[in-house]
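A.B. asks: Sequence and predicted structure are below.
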Amino acid sequence: MANSRQVLRRRLETIAFTQAGFFTAAQALAAGYSYQAQKYHVDAGNWVRVDRGLFRLPSWPDRPDDQFVLWTLWSGGRGVISHDSALQVHDLSDIDPASVHLTVPPGFRATDPLVTTHIASLPKTDIERREAWSVTTPLRTLADVAASQLSQEHIDQAVADALDRGLATRRTLLHRTANLPERPALRLERALARREES
């Protein structure tokens, strides 16, 4: 019996270790823990209940990107950190978004007041994989925010930061604008022009 418990624990830890110590009720169920066993482990202090259907190993250290892991799990692994949140991840501009921005595929219906969802099918070339979550690339992020309601001032700052840090070049940005609708293309071109004037 003890051996069986060790196998279950190892199975669950294998999942949790790739997700910053987090795991969902569905993942625990797939690993062999019934809902009754899940309640027992929370009550016994073996697991920490983070949210409905979401747990964490109790000894796991907190990290700044924990929120991104949480919302990735909330989206069933389909969400990609994007827009204002991706600016924050890439340290482009001084933006501090009030909610987490996630790009999710068409057909995604879940909502939460703490999340701003954007519907799009992202090509793999526009995604960077992190340890337990994904974020849009700097170029995709700049294109996304240029199409959003973000101020031109923040876009100017984000473009300047991306150029200064080598995350984009004038050429790659202009190439990206060629495939954008008029408004976001003009906003990025304006940011480039202002950067060159300074």
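C.D. replies: Here it is on my side, so go on.

A.B. asks: any idea what sits nearest the residue positioned nearest the centre of the chain, other than its immediate chain neighbours?
C.D. replies: Geometric centre of the chain, nearest residue: residue 81, 2.7 Å, by C-alpha atoms, centre = their mean. Residue nearest to residue 81 in three dimensions, not counting chain neighbours: residue 135, with 4.2 Å by C-beta to C-beta, 6 or more residues apart in numbering. For the C-beta atoms, the positions are set from N, CA and C on the backbone; glycine is no exception.

A.B. asks: from what I can see the residue nearest to the centre of the chain touches residue 68, true?
C.D. replies: Yes: assessed by C-beta atoms under 8 Å, residue 81 is found in contact with residue 68 at 5.2 Å.

A.B. asks: Need the overlap of contacts for these two.
C.D. replies: 89, 100, 133, 135 (C-beta atoms under 8 Å, 6 or more residues apart in numbering).

A.B. asks: Name the nearest of those relative to residue 6.
C.D. replies: Residue 6 lies nearest to residue 133 out of the shared contacts of residue 81 and residue 68, by C-beta to C-beta, at 29.1 Å.

A.B. asks: where's that closest one relative to residue 46, distance?
C.D. replies: 25 Å (C-beta to C-beta, to the nearest Å).

A.B. asks: what do you get for residue 19?
C.D. replies: Taken as C-beta to C-beta, the span from residue 19 to residue 46 is 17 Å.

A.B. asks: Name the residues of the helix or strand harbouring residue 186 that are buried.
C.D. replies: Using DSSP states H and E, residue 186 sits in helix 182-197. Buried positions in helix 182-197, judged by neighbour count with 16 or more other C-beta atoms under 10 Å: 184, 185, 187, 188, 189, 191, 192, 194, 195.

A.B. asks: want to try CSV for these, with distance to residue 37 and pLDDT as columns?
C.D. replies: Formatted as CSV, the buried residues of helix 182-197 follow (distance: C-beta to C-beta, whole Å; pLDDT from 0 to 100):
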residue, distance to residue 37, pLDDT
184, 50, 97
185, 54, 97
187, 53, 97
188, 52, 97
189, 58, 96
191, 54, 97
192, 57, 96
194, 59, 93
195, 57, 91
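
A.B. asks: ok, back up a step: and the shared contacts of residue 81 and residue 68, which of them are in helices?
C.D. replies: Counted as lying in helices by DSSP state H, out of these, are residue 89.

A.B. asks: need the shared contacts of residue 81 and residue 68 in a markdown table with pLDDT, neighbour count and distance to residue 24, can you?
C.D. replies: Formatted as a markdown table, the shared contacts of residue 81 and residue 68 follow (pLDDT from 0 to 100; neighbours: other C-beta atoms under 10 Å; distance: C-beta to C-beta, whole Å):
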| residue | pLDDT | neighbour count | distance to residue 24 |
| --- | --- | --- | --- |
| 89 | 96 | 20 | 23 |
| 100 | 97 | 23 | 17 |
| 133 | 96 | 25 | 14 |
| 135 | 98 | 24 | 21 |
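
A.B. asks: In the protein, where is pLDDT below threshold?
C.D. replies: Applying pLDDT under 70 to the chain flags the ranges 1-3.
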